[in-house]
Structures are given as C-alpha cells and as structure tokens.
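Peer 1: how would this look folded up:
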Amino acid sequence: MGIDAAEGVALYAECLRGLVFSPNGLLKLVYDKSNGQIVGVHICGDDACELIHYGMELVKAERTIDDILSNLYSAVTFHEMYRIAAMAAVDQAGARKRRAALGREIAARNRGNKE
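Peer 2: Below you'll find the model as predicted:
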C-alpha cells in the first residue's frame, strides 16, 4: 500500500471508565503520517466488540487524527479512548511518559491489594 504508518495508543486505564471498571486493555489508532488519515483500529479489552464499530466508521469515512481531536467524547465511556489515542498520536513522547507513570501507579496499587 505504500503507507508511512504510525500509531496512537490509549490504555483502558487512561479513561475514567477503564480506570474504575476494567483497566486492562488498549485501543490503537493506525494512521498515515503524511495526512493523518486513520487506516486501522485495534482494540483489546472489555467491550471491544462495541467499540470497534466506531473505529470501522472512522476508517470507512477516511477520517483523520485531527477529526477525532475536534470531536467531543463522553468522559465516562470507553469511547473517550479514541480521543486519548489521537492525542497520543500528536504527542508520542508525552504519551509514553503518561502510560509509563500510569503503569507504575497500577502496579503499586496491585501490590498494595495483595499485601
């Protein structure tokens, strides 16, 4: 296909609903770096079968990372991860730092629950 692809990733634990109900999982947007067009969506986690339909529509309608960033997503739904992943696409380094910090926080919380 000749696409110079990149990705934006959101962990379930980065959105309020995921943090409270099901922190294990991720949503990944795959996009063309040249124009931001979304070419694929990967989801692993609870309610993935419900979330993927919106991703399918993004690909079919040739939406871009900027299109996602200009939309408003409800804060207590897993759909909020689409915006988090789009923000990660435009700030890869910042997103990696946030995910690493979140991972450390969740690991510490899990250790505390076992003691």
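Peer 1: What confidence value was assigned to residue 1?
Peer 2: Looking at residue 1, its pLDDT is 61.
Peer 1: Kindly apply the preceding question to residue 16 instead.
Peer 2: 85.
Peer 1: Could you do the one 4 residues further on as well?
Peer 2: At residue 20, the model reports a pLDDT of 81.
Peer 1: Could you say which helix or strand holds it?
Peer 2: helix 16-21 (DSSP states H and E).
Peer 1: What of residue 67?
Peer 2: Going by DSSP H and E, residue 67 is part of helix 65-69.
Peer 1: Can you tell me which helices and strands that helix packs against?
Peer 2: If you count contacts as 3 or more Cβ pairs under 8 Å, 6 or more residues apart in numbering; DSSP states H and E, helix 65-69 packs onto strand 25-32, helix 80-90. In this view, the C-beta of every residue, glycine as well, is placed from N, C-alpha and C.
Peer 1: residues in contact with the first one?
Peer 2: When you say that, I think you mean strand 25-32. Residues outside strand 25-32 that contact it (Cβ atoms under 8 Å, 6 or more residues apart in numbering): 3-12, 18, 37-46, 48, 51, 55, 58, 64-65, 68, 78, 81-82, 84-86, 89.
Peer 1: Quick one, which of these are buried?
Peer 2: 8-12, 18, 37-38, 41, 43, 45-46, 48, 51, 55, 58, 64-65, 68, 78, 81-82, 84-86, 89 (16 or more other Cβ atoms under 10 Å).
Peer 1: top helix in the protein by residue count?
Peer 2: The longest helix of the chain (DSSP state H) is helix 92-114.
Peer 1: Tell me how far residue 43 lies from residue 35.
Peer 2: 23 Å (Cβ to Cβ, to the nearest Å).
Peer 1: Residue 35: what secondary structure?
Peer 2: coil (DSSP: H, G, I helix; E, B strand; the rest coil).
Peer 1: Likewise for the one 4 residues further on?
Peer 2: When the structure is split into helix, strand and coil by three-state DSSP, residue 39 lands in strand.
Peer 1: Pull up the gap between residue 17 and residue 48, please.
Peer 2: 14 Å.
Peer 1: Same check on residue 100?
Peer 2: For residue 100 relative to residue 48 (Cβ to Cβ), the value is 24 Å.
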